[in-house]
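Q: Take a look and give me a structure for this.
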Amino acid sequence: MLLFILGLILFFGLHSISIINEPFRNRMAAKFGDVSWKIGYSVVSILGFVLMVYGYGHYRYESTVLYVVFPWLTHLTMLLMLPVFPLLIATYFPGRISTYTRHPMLYATIIWSFSHLLVNGRLIDVLLFGAFLVWAILDLVSMRSRVQRSLPEVPNFWGNDLIALVLGIALYGGFLGWLHSALIGVPVLG
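A: I've put the predicted structure just below:
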């Protein structure tokens, strides 16, 4: 469990720098150079993510059960997950979806983590999905007062919404059918 907790601290600690102290983040990027900062940020993020995934996989079934899940919540979770993939794709293909939501990836993370808390009642699940949920909500709230950094992106185009919807629904179908089982080890259907 220690590796899992260390992964959470590394991953979310680093991803929370802009939420907690954006001037510090900007000073570090200026001090080390933007490219060096991003490389270091990426390396630590990946390390945290790997520790999180490894720890979660290792302790998933040994973790204490905090609450029992009602079987019908699986159907609600599948319904809530439907917009998650189109929102994720809309992050990289801006159109009306990204214009309307402003931060589609954060909304996707909030929906994903909340829906997974509905169907996973072990301590490790609550720590993992709860951390993502709290972080995404705090980041979304902090975005209101932060200056947005410009990111390279595809031009805003109405056709990008179609791309986000088609690819997102295809990914959703793939996860329902076999990807969730192949990647996570838990079949969604059946």
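
Q: switch to C-alpha atoms for all contacts and neighbour counts from now on
A: Noted.

Q: Tell me who's in contact with the closest residue in space to residue 94 that isn't next to it in sequence.
A: Among residues not flanking residue 94 along the chain, residue 156 sits closest, at 4.9 Å (C-alpha to C-alpha, 6 or more residues apart in numbering). Applying C-alpha atoms under 8 Å, 6 or more residues apart in numbering to residue 156 gives the contacts 93, 94, 95.

Q: Save those as CSV, and put in neighbour count and distance to residue 49 too.
A: CSV is the format used below for those (neighbours: other C-alpha atoms under 10 Å; distance: C-alpha to C-alpha, whole Å):
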residue, neighbour count, distance to residue 49
93, 24, 25
94, 23, 27
95, 21, 30
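
Q: Of these, which is the nearest to residue 5?
A: Of all those, residue 5 sits closest to residue 93, with 33.7 Å by C-alpha to C-alpha.

Q: Make sure that closest one is actually in contact with residue 158.
A: No - counting by C-alpha atoms under 8 Å, residue 93 does not reach residue 158; the two are 9.5 Å apart.

Q: Could you identify the longest helix within the chain?
A: Counting residues, the longest helix found in the chain (DSSP state H) is helix 34-59.
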